[in-house]
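**Q** A structural model of the following input is requested.
(2 chains)
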Number of protein chains: 2
Amino acid sequence: MIRESPPSRRYVILAEGRFEDRNAKTAHGLIAYGRTDAEVVAVIDSALTGRRVLDVMPNLRRDAPIVATLREALRYSPNSILVGLAPAGGRLPEAWIGILREAAEAGLEIVSGLHQRLAPMFPGAKVWDVREPLENIPLFSGEGFDVQPKVALTVGTNAAIGKMRTTLEIGHAARKRGIAVEFVPTGQTGILIAGWGICIDAVVSDFVAGASEQLVLEAAKRTPELILVEGQGSLGHPAYSGVTTALLHGSCPDCLILCTDAHLEKVFTRVPVPETKEIADLYERVAALVKPAQVVAVSVNTDGLDEDRARAFVEGVAETTGLPVVDPVRDSADPILDAVLRAPKTVEVGA
Amino acid sequence: MIRESPPSRRYVILAEGRFEDRNAKTAHGLIAYGRTDAEVVAVIDSALTGRRVLDVMPNLRRDAPIVATLREALRYSPNSILVGLAPAGGRLPEAWIGILREAAEAGLEIVSGLHQRLAPMFPGAKVWDVREPLENIPLFSGEGFDVQPKVALTVGTNAAIGKMRTTLEIGHAARKRGIAVEFVPTGQTGILIAGWGICIDAVVSDFVAGASEQLVLEAAKRTPELILVEGQGSLGHPAYSGVTTALLHGSCPDCLILCTDAHLEKVFTRVPVPETKEIADLYERVAALVKPAQVVAVSVNTDGLDEDRARAFVEGVAETTGLPVVDPVRDSADPILDAVLRAPKTVEVGA
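**A** Sure, this is the predicted structure:
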């Protein structure tokens, strides 16, 4: 769905045994960035019973109780249960089926961002498969070249390193300054948070650039001054680079924000993280085949580092790239926003 | 479908009013490269009645009569009718529905490479929607890094400029030398010609790299010495660059053959064709984020040029790139094959 205002939701998040898992990023994102009409009232993870969200993950900034069972969660009057995991390939853990069935019987709506569609598994239940794409998404048309607002896209040195949170933090910083800004959700967590969008990795590949363009055109209808597009994957991740490239061209950005993290985990089994400067240059050159877009700032995820190490890492990246660098969660997204506001509107190569 | 040996087919190609159209490339490809068990017995295009295929398009090398109506085509005893057009976005021209219905009533199987599925439109008829992808295509796994045969992939300065024909010509040249070679079809025409494959642009985007990898693994089971992967789209085409990049990483190639043409049409409305050397460099650098693969030769499509101009163009590209350059249809694919055979097997970046 591209634009739907969902009803006010009170979520219990199903994350049994997995709440601290990196693949629980849908759950983490909804807790940290969900709107007041998408409130998280409880988390199910029996391994963490008795603790609260902020005890376990202080970075999430919004709190909720963690309980062992659905029954306990029902005390907090949820009306929806979110499958709080987006594992690679996106399939539901077997053990969760019974819990979801029980939730449906208690009248809860089932909400899922998995590739696997849950609606057919729970006949009679209310199910929102967030990844279900629109019918009739068109091919890329080129109309996106002509949107009036400035368009900024987040890109990454790796997948799952904070592109969505960077995009949301820039949005918050812009709103504080009175700038009319639109966040464009391209993945399941972004859609849950913003209440609209298209999960572009669930779209048939020939139409992903078209879907990306339609999202930007839809955002432009609200006449914002600035459109912030949530990035996906990484140009250097063998499983997701296609989605990344389709979004890079399809959303017609005027500038890019490169997201990286301090952990330098491998991108994929034997594939290391690329050099920051190398991948920044490649994003610019691949973008410029269609429409120029400079990397104007770097957003660093320093979660888990102490203050000194975080600062040292940020300074190192600034020295290597010569760009404004900041962790927008630890510090402020203002330096990134400033760089985005300074960037020019660009035109396609042949104009 | 990844591997199916279709029954022997005698095709009539439906190309009414459009046989000379660039979008009729499925028809042209099947005529030129179809196997003896995928024979084209007639073409329907009333604008060209009385002429034969080789009168109109001498490059296609195999001949067939062109007739005005299905009724006339039935004289040649076809058992299948191919929708001979793959327009952008892939929808069936309205005017063709009646002709296909008539063909189905005459007992013909309907074969289509359109995105739009025809099976639901013709209940009761036998329909092969070539673009219908496999169920349960996995994510990219990395298993493709370890295939034994050398893998070569065609890439392009633009879409629709001869990547499939280049791949097939290299295959023919290799077969003539007694090399065990497997052609890997990634699009509808390739699948019609080879009788197996996956139309990767019809796969959900998160799984395109996985589909590309599965195709190479399937080809490797036949223990060839050389695997030739049919390329798709172009890194610089805004509508298709996602598919191109997913294939570039997912098929784990050891070397690349860059395809270009002498016509330098725009890639997309206002987007010009990139410089050959620039795009060759970008393909190598994007590939090398995951696994190094050098561009070892350039294949030029000189259709429509006279001998002198063709030679001048080929020499110009050779000078710019410093690589072996040839039009494999006009001349021979041997220089490209030699370059592919000289290329080393490569390993992923982190190995």
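**Q** Which residue ranges of the stretch 51-200 of chain A form strands?
**A** A:66-67, A:80-83, A:109-112, A:127-129, A:150-156, A:181-184 (DSSP state E, counting those that start in this stretch).
**Q** B:S299 is nearest to which of those strands?
**A** strand A:150-156 (31.5 Å; Cβ to Cβ). To be clear about C-beta, it is placed using only N, CA and C from the backbone, and glycine gets the same treatment.
**Q** for the spatially most central residue of chain A, what are its contacts?
**A** The structure's chain A has its C-alpha centroid closest to A:M164; by Cα atoms, centre = their mean the separation is 3.3 Å. By Cβ atoms under 8 Å, 6 or more residues apart in numbering or on different chains, the contact set of A:M164 is A:G29, A:Y33, A:T154, A:G187, A:T189, A:G190, A:E230, A:G231.
**Q** repeat that with 6 Å
**A** Contact analysis of A:M164 by Cβ atoms under 6 Å, 6 or more residues apart in numbering or on different chains lists A:G190, A:E230.
**Q** picking up where we left off before, looking at the strands of the stretch 51-200 of chain A, which is closest to chain B?
**A** Chain B sits nearest to strand A:150-156 of all the strands of the stretch 51-200 of chain A, at 12.2 Å, using Cβ to the nearest Cβ.
**Q** Does the closest one reach chain B?
**A** No. Under the criterion of Cβ under 6 Å from any Cβ of the partner chain, chain B is not reached by strand A:150-156; the shortest gap measures 12.2 Å.
**Q** Repeat that for stretch A:201-209.
**A** Yes. Using Cβ under 6 Å from any Cβ, stretch A:201-209 reaches chain B at A:D201, A:A202, A:V203, A:V204, A:S205, A:D206, A:V208, A:A209.
**Q** what's next to that stretch, contact-wise?
**A** By Cβ under 6 Å, 6+ apart, stretch A:201-209 touches A:131, A:133, A:137, A:140, A:200, A:211, A:243, A:246, A:249-250, B:201-206, B:208, B:238-239, B:242-243.
**Q** redo that, cut-off 7 Å
**A** Identification of contacts with stretch A:201-209 by Cβ atoms under 7 Å, 6 or more residues apart in numbering or on different chains yields A:115, A:131, A:133, A:137, A:139-140, A:187, A:200, A:211, A:232, A:242-243, A:246, A:249-250, B:115, B:200-206, B:208, B:238-239, B:242-243, B:246.
**Q** Next, count neighbours for the closest residue to chain B within the stretch 51-200 of chain A.
**A** Nearest residue of the stretch 51-200 of chain A to chain B, counting by Cβ to the nearest Cβ: A:F140, 4.0 Å away. Residues lying near A:F140 (other Cβ atoms under 10 Å in any protein chain shown) number 28.
**Q** That one contacts A:G210, doesn't it?
**A** Yes. A:F140 is in contact with A:G210 according to Cβ atoms under 7 Å; the separation is 4.6 Å.
**Q** which residues do the two both contact?
**A** A:G250.
**Q** Helices of chain A, residue ranges please.
**A** A:25-33, A:53-56, A:70-73, A:96-105, A:163-176, A:188-194, A:208-220, A:241-250, A:276-288, A:307-321, A:334-342 (DSSP state H).
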